[in-house]
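>>> this one's sequence-less:
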């Protein structure tokens, strides 16, 4: 988009949602644009919205010249859009001029020109100081006059007059051939926008295509658009992609254990979350937990319910201990309900976008998005979801989509094919074991965070959702009563093991005590033995001494050669 | 054009004093004189001089002549050079003598396609 800005021609913003982003700013300012389309495609609405928004939003008065509808018809036709044409006309912000091209204009008798028409248009346009002009159903003029050269001359003068005043002009016509037949094709080729309508599966969708835009880059794709109670809305697919802000702020899921699984804080603000699961797995409950969590922070939440009514959701959530009524009363939760089958996809999306634009919620919940497949094919739903996501992301709105996985489906989420678009994907699964159902929750992905890879059991209790560890053992994963039984079994086993340990501990203690006693006895024996040995040595020494003394005594007594004897002993 | 109210009253709308405007007035006078004698009145209204007219009458082509009386209103556009069409359009009775030749501005296109209203 930035690249398109350089050396671009000046543009007049149309104010039609989406259109200005496709064209990089609107219609060529001061030039003439051609809006083509068969009856019922929305040419008149496009033109009128261009003028009404021009005068109300951009301060540029406009003149609407209709060759088809009278002022009264126009005023009546546009009041449902909230365009009060009579008031705008009274305030001189908008001029309405009906140029009736009827047989009453008169029988032709000789040569004429259309000075009267030009004079009138110039007056009409100047009266309000119009900067924007719409010439609706202009080719009708050729039907009123047989002298098409006179009409051509008049129109050429009119166009020159408009261009000289740099009035941004829109001409509507059914087809280019209608104009080229009268030699007007060339003068109206600065910017050509084609509107069309196609019916598929009995649902009509309107498309807008910028066929030509001199001096400007534009997106040449066909964009679906809607005529809603607020005028036209064009839904460009990728007009806003680069602008996302990635928040690192997290928002609680409403479930502390799920927050823990999601890196501690929960979902990232502004991210998109897909909750997939079969019927009855608790998708809505999980979504409502987020809603309540947001409300507790004082932020608002929009709940788009495609299946259940507000009353049903409130009642059902009360049964699991979630009080929605309180938040509805405080105005923090708003519900929008629509049957997916009642409107076309485009209408759905645009209405959603409009509601979101009005309420500016922090969180938007779509429950379930899979219901939209009732009115559109999978690629269409995917394209719509992707556009909705674009919109939500640019607004920084956290979005949670639930999607129903039909029973027996292998790849959850794939039936809408939107999982790849989502930042976080939580899958709820129903597990049936031993004639019992239980629910499992797992985070399949969560971009930008270290999320838990573990499966948890998902319990819906009368106080809300609770996450419980599942048993993952050699015999597989256990949930429900099987898990409870397993828990009991393990507890018993632990108790047994503890008893056994205690017993063994005591046994060893006994043994140790016995050994210690033995050691003590042996020690005593050792000491006794040492004592005995010492005595023995002493006795022996005493004996030797005694013996030696005796021998010396004997020698003295015998007066023997004691010295000699004594030396010999040495 | 005289004191008493006339049976036939016409408004001739023109855009400026152009040869075509003058031709239209001359042609209307010619036809009226031949067919209606004195019992007619023509008011020439110049859109450029009377700006307030632009909303009052749905006059797109100029010249346009509107028969205001007798009712109902009837209209003819053009320089009124095609007498047959003028008579038909304004429902003016024919005269056995016929009409003088039409006046046409010099240099105007001779061939033209005409149609019923």
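Noted; the coordinates are in hand. The structure presented is a predicted model; accordingly, all values stated were derived computationally and were not measured.
>>> Report the contact partners of residue 80.
Looking at chain A here, since you left the chain open. Shown in contact with residue A:80 (Cβ atoms under 8 Å, 6 or more residues apart in numbering or on different chains): residue A:229. Backbone N, C-alpha and C define where each C-beta goes, glycine included.
>>> wait, I meant chain B there
Contact analysis of residue B:80 by Cβ under 8 Å, 6+ apart lists A:109-110, B:23-24, B:27-28, B:31, B:63, B:65, B:86, B:102.
>>> Can you tell me which of those residues is nearest residue A:505?
Comparing these against residue A:505 with Cβ to Cβ places residue B:63 closest, at 125.7 Å.
>>> Give me the neighbour count for the closest one.
The local packing of residue B:63 (other Cβ atoms under 10 Å in any protein chain shown) involves 31 other residues.
>>> Over to residue A:24?
Residues lying near residue A:24 (other Cβ under 10 Å) number 20.
>>> So what does it have for phi and psi?
Main-chain torsions, residue A:24, degrees, to the nearest 10: phi 70, psi 30.
>>> wait, it sits on residue A:215?
No: with contact defined as Cβ atoms under 8 Å, residue A:24 does not count as touching residue A:215 (11.0 Å).
>>> that older thread, restricted to strands, list the contacts of residue B:80.
Counted as lying in strands by DSSP state E, out of the contacts of residue B:80, are residue B:65.
>>> Give the ChimeraX command for selecting the buried subset of the contacts of residue B:80.
Remark: buried members of the contacts of residue B:80, expressed as a ChimeraX selection using 16 or more other Cβ atoms under 10 Å in any protein chain shown:
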select /A:109,110 /B:23,24,27,28,31,63,65,86,102
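>>> Near chain B, which residues of chain A are found?
Counting by Cβ under 8 Å from any Cβ of the partner chain, chain A comes close to chain B at A:99-101, A:103-117, A:119-120, A:123-124, A:144-147, A:150.
>>> which stretches of chain B aren't confidently modelled?
Counting by pLDDT under 70, chain B has low-confidence residues at B:1-4, B:51, B:53-57, B:96-98, B:103-117.
>>> what about the strands in it?
Counting by DSSP E, chain B has strands at residues B:8-14, B:40-46, B:64-69, B:74-77.
>>> for chain B, which helix is longest?
Longest helix in chain B, counting residues (DSSP state H): helix B:19-36.
>>> Please name every helix or strand in contact with that helix.
strand B:8-14, strand B:40-46, helix B:83-90 (3 or more Cβ pairs under 8 Å, 6 or more residues apart in numbering or on different chains; DSSP states H and E).
>>> Reformat these as a markdown table; add distance to residue A:444.
Converted to a markdown table, these look like this (distance: least, Cβ to Cβ, whole Å):
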| stretch | distance to residue A:444 |
| --- | --- |
| strand B:8-14 | 78 |
| strand B:40-46 | 81 |
| helix B:83-90 | 81 |
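>>> and chain A, which of those is closest to it?
Judged by Cβ to the nearest Cβ, the one of these that comes nearest to chain A is helix B:83-90, at 3.4 Å.
>>> quick one: that closest one to chain centroid distance?
Distance, stretch centre to chain centre, for helix B:83-90: 10 Å (Cα atoms, centre = their mean, to the nearest Å).
>>> Compute the inter-axis angle for it and strand B:8-14.
Angle of helix B:83-90 versus strand B:8-14, following axes from the mean of the first three to the mean of the last three Cα atoms, to 10 degrees, is 110 degrees.
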